[in-house]
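Peer 1: coordinates for the following, if possible.
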Amino acid sequence: MKWETVIGLEVHTQLATQSKIFSGSSTAFGASPNTQASAVDIALPGVLPVLNKGAVECAIKFALAIGATLNRINVFDRKNYFYPDLPKGYQISQLAKPIVEGGVLTFLVGDTERTVNLTRAHLEEDAGKSLHEDFHGMTGIDLNRAGTPLLEIVSEPEIRSSAEAVAYARALHTLVTWIGICDGNMQEGSFRVDANVSVRPVGQAEFGTRREIKNLNSFKFLQQAIDYEVRWQIETLEDGGRIEQATVLFDPDTGETRMMRSKEDAHDYRYFPDPDLLPVKLDEDWIESVRNALPELPAAMQLRFQSEYSVSAYDAGLLTGSRALAEYFEAAACACGQGKLVANWVMGELSATLNKAELDITQSPVSARQLGALVARIQDGTLSGKLAKLVFEGLWEGAGEVDAIIEARGLKQMSDSGELEKIIDDVLASNQKSVEEFHSGKEKAFNALIGQVMKASKGKANPAQVNDLLKAKLQ
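Peer 2: Numbering: from 1, shown residues only. Reported below is the predicted structural model:
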C-alpha cells in the first residue's frame, strides 16, 4: 500500500517585547531562576492581568505580512489544565475569536514553489519550565518564562513531507525575524515547532489519526522527528496495529519519538472567556500606521532581486534568507553594479568562509562595500577569479582595502599581450609533446598547455587572453 503523509505545524513564536504579555516583568533570557516572575506571573491572589500593547502590535504586523484577516474585536480565553509550571492552573490564550485568521505563506522547496494556508495565529502566554536534570528524584520549577508573550501560528494540514515542513518553518522563521516580531533564537526557545503528523492511504480523503510532536527547537530535529514518526506510523498500520491520538517527544540522541501522554481535545481544556480581560478592539488608524511602517517583505524583495539583479528565483530565495543577508547583498551589488557576480560570491566564498568560522553575516570581517570593490576589480580585468580569492583572504584577515592588498601582494592580473605572448612562446617551446598531441586531436593537451602558462605566470595571467592567444599560436 502507498501512503500519504499529512502534516500541520503549530509554531510558538516568542514576541520581541521587553516585558511580558500581562505584567511588567522582563522577558530577557538567562536570568537566575524565578527572578523575573512577578506577583501577576505567579498568580498571587487579587492580581489582575494588563495586556501588553506591544504584543498586540506584533500580531498586527504578522497578519499584514501574510495577508490574513485581522479580527478587529478579539477575545482572550482561559485554557484550563494543571501542571506544576502553570501557576494559575490555566493559560490565557485565544480560541473562539483569535486576533489573526487565515493568510498564506509561499516558499520554495528546492526549485518548486509551494503555498500553505494558515488557519490562525493567536496571542497567548507561555508557561514556566520544569527542570529535571539537576534534581535527583525531584523536579525544579523556573517561572521566569511564565507570562512571556507568544504568537502561536497554526497551519492547515497541507504539508506533505518533512522537507516541505522544514522549508515552511524556515520561511516562517525568516518572516517573523524580518518584520522584527521575534529574535528567532531557537536554542533559547524563541521559535518552537509542534508537528501534527498522520498518514493515510493515497487517495483517501479522510485524515488518519494524528500524533503531535512537541517542542522541536531546530530545523534538523524537525525533519528527523517527522521522518521517524512517519515510518513508525506506517509500520504500525501495516503490522495490523492502530494509531492512538497522542502527544509525543523527540529524543535527538536516539532519533526516535516517544509517547508523553494521550492527546487532549479542545473540550478537555474547558475554554471560557477570561473575565479579567476585556475584548480587544483594534483601531483602524493604528493598523494603517503599522502597515506603513512594515519593511519590504521577503517575497516582494525576491521578485525585485530577480528583476533588478538578474538572479534566479532560487538564488533570490537564498539571498533573502535573512534581512541582514539581503541588505548585505544589495549594498555590495549597488557598490559595483554586478548583481549576479556578487550573488555568486555571497552564496559561495563568503558563505563558506562564514560557516567555517561559525559567524553570522552581521559578523562578517569583509564588509559589503569591500566585497563590492572586489567584484568590481574582477569585472574590470584587474583580478582573475583565482587572484580574487587571494584578495578576499586578505580582506578577511583585515589586511586593508582591495586596491591596497592588490598592490602590496602583487596580485594584479597580467593582461599585457606582449608579456603573455613571451610566456606562451616559452611554454610551447618547452612542451613540444603537448603541442604534437593537440595537433593530433587531443583536447586535453590544450588544457595542459594553459595550465603550464598559468604556472609560469604564477597564476596572474588573464585566463581568457591566454586561451585566445594560445589558440591563435597553435593554428
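
Peer 1: what comes into contact with the longest helix seen in the chain?
Peer 2: With DSSP state H setting the assignment, residue counts place helix 219-238 as the longest helix in the chain. If you take Cβ atoms under 8 Å, 6 or more residues apart in numbering as the criterion, helix 219-238 is touched by 1, 3, 5, 7, 162-163, 165-166, 169-170, 193, 195, 197-199, 208, 211, 213, 216, 242-243, 248, 250, 252, 255-257. Using the backbone N, CA and C atoms, a C-beta is placed for each residue, glycine as well.

Peer 1: helix or strand for residue 197, just tell me which one.
Peer 2: Using DSSP states H and E, residue 197 maps to strand 191-201.

Peer 1: average pLDDT across that strand?
Peer 2: pLDDT averaged over strand 191-201 equals 97, rounded to a whole number.

Peer 1: partner strands of it and their direction?
Peer 2: The pairing partners recorded for strand 191-201 under DSSP bridges are strand 3-14 (antiparallel), strand 211-216 (antiparallel).

Peer 1: quick check: which ranges of this protein have low pLDDT?
Peer 2: Low-confidence regions of the chain, defined by pLDDT under 70, span residues 263-267, 413-419, 465-466.

Peer 1: ok, 80 please
Peer 2: When the per-residue scores of the chain are filtered using pLDDT under 80, the ranges that remain are 133-135, 261-267, 412-427, 433-445, 450, 453-475.

Peer 1: next, name the residue at the spatial heart of it.
Peer 2: By Cα atoms, centre = their mean, the mean C-alpha position of the chain lies nearest to residue 170, the distance being 4.1 Å.

Peer 1: where's the residue nearest to residue 25 when sequence neighbours are not counted, which helix or strand?
Peer 2: Take residue 25 and drop its neighbours on the chain: the residue closest to it by Cβ to Cβ, 6 or more residues apart in numbering is residue 38, 4.5 Å away. Secondary structure here is read from DSSP H and E; on that basis residue 38 sits in neither a helix nor a strand.

Peer 1: same question for residue 23.
Peer 2: Secondary structure (DSSP H and E) places residue 23 outside all helices and strands.

Peer 1: how close does it sit to residue 38?
Peer 2: To residue 38, residue 23 is 5 Å away according to Cβ to Cβ, to the nearest Å.

Peer 1: what do you get for residue 262?
Peer 2: Between residue 262 and residue 38 the distance is 34 Å, computed by Cβ to Cβ.

Peer 1: the strands paired with strand 191-201: which one's closest to residue 473?
Peer 2: In terms of Cβ to Cβ, the element of the strands paired with strand 191-201 nearest to residue 473 is strand 3-14, at 61.8 Å.

Peer 1: C-alpha coordinates for that closest one, CSV please?
Peer 2: As requested, C-alpha coordinates have been extracted for strand 3-14 and formatted as CSV (Å, rounded to 0.1, in the frame of the first residue of the first chain):
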residue,chain,number,x,y,z
TRP,A,3,0.9,6.1,2.0
GLU,A,4,0.5,9.9,2.0
THR,A,5,1.9,12.0,4.9
VAL,A,6,-0.2,14.8,6.3
ILE,A,7,1.4,17.4,8.4
GLY,A,8,0.2,20.6,10.1
LEU,A,9,2.6,22.8,12.1
GLU,A,10,2.0,24.9,15.2
VAL,A,11,4.8,27.4,15.8
HIS,A,12,5.2,29.2,19.1
THR,A,13,6.9,32.5,18.3
GLN,A,14,8.1,34.4,21.3
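
Peer 1: how much does it deviate in direction from helix 219-238?
Peer 2: 140 degrees (axes from the mean of the first three to the mean of the last three Cα atoms, to 10 degrees).

Peer 1: in the helix or strand following strand 3-14, what counts as buried?
Peer 2: Sequence-wise, the next helix or strand downstream of strand 3-14 (DSSP H and E) is helix 53-65. In terms of neighbour count (16 or more other Cβ atoms under 10 Å), helix 53-65 has its buried residues at 55-65.

Peer 1: the residue nearest to residue 180 when sequence neighbours are not counted: neighbour count?
Peer 2: Distances taken as Cβ to Cβ, 6+ apart place residue 16 nearest to residue 180, at 6.4 Å, with adjacent residues excluded. Other residues within reach of residue 16, judged by other Cβ atoms under 10 Å, total 19.

Peer 1: separation between the nearest residue to residue 74 once chain neighbours are set aside and residue 157?
Peer 2: For residue 74, the nearest residue in space outside its immediate sequence neighbours is residue 99; the separation is 4.3 Å by Cβ to Cβ, 6+ apart. Taking Cβ to Cβ as the measure, residue 99 and residue 157 are separated by 22 Å.

Peer 1: more neighbours: which of these two?
Peer 2: Relative neighbour count places residue 99 above the other of residue 99 and residue 157, with 28 against 18, counting by other Cβ under 10 Å.

Peer 1: any idea how far the one helix or strand residue 249 maps to is from the chain center?
Peer 2: In the assignment (DSSP H and E), residue 249 maps to strand 246-251. Between the mean C-alpha location of strand 246-251 and the chain-wide mean there is a distance of 24 Å, by Cα atoms, centre = their mean, to the nearest Å.

Peer 1: which parts of it are buried?
Peer 2: 246, 248, 250.

Peer 1: wait, which of these is closest to residue 375?
Peer 2: Checking these against residue 375 with Cβ to Cβ, the nearest one is residue 250 at 43.3 Å.

Peer 1: quick check: the nearest residue to that closest one once chain neighbours are set aside vs residue 171, distance?
Peer 2: Taking Cβ to Cβ, 6+ apart, and ignoring the residues beside it in sequence, residue 250 has residue 225 as its nearest neighbour in space, at 3.8 Å. In this view, residue 225 and residue 171 are 19 Å apart by Cβ to Cβ.

Peer 1: show me what the lengthiest strand in the chain pairs with in its sheet, parallel or antiparallel.
Peer 2: With residue count as the measure and DSSP state E as the assignment, the chain has strand 112-125 as its longest strand. Strand 112-125 pairs in its sheet with strand 100-101 (antiparallel), strand 104-109 (antiparallel), strand 149-155 (antiparallel), by DSSP bridges.

Peer 1: give me the angle between it and helix 53-65.
Peer 2: Comparing the axes of strand 112-125 and helix 53-65 via the same axes, to 10 degrees yields an angle of 160 degrees.

Peer 1: can you give me the domain boundaries for this protein?
Peer 2: Using automatic domain parsing, the domain ranges for the chain come out as 3-286, 296-409, 417-474.

Peer 1: follow-up on the earlier one: list the contacts of the strand holding residue 249.
Peer 2: Strand 246-251 is contacted from outside by 211-216, 221, 224-225, 228-229, 256-263, using Cβ under 8 Å, 6+ apart.

Peer 1: how about it as PDB, C-alpha atoms only?
Peer 2: Included here for strand 246-251 are C-alpha records, laid out as PDB according to Å, rounded to 0.1, in the frame of the first residue of the first chain:
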ATOM      1  CA  ALA A 246      -1.100  11.300  21.500                       C
ATOM      2  CA  THR A 247       1.400  13.900  22.300                       C
ATOM      3  CA  VAL A 248       5.000  12.700  21.800                       C
ATOM      4  CA  LEU A 249       8.500  13.900  22.400                       C
ATOM      5  CA  PHE A 250      11.500  13.600  20.000                       C
ATOM      6  CA  ASP A 251      14.700  12.200  21.500                       C
END
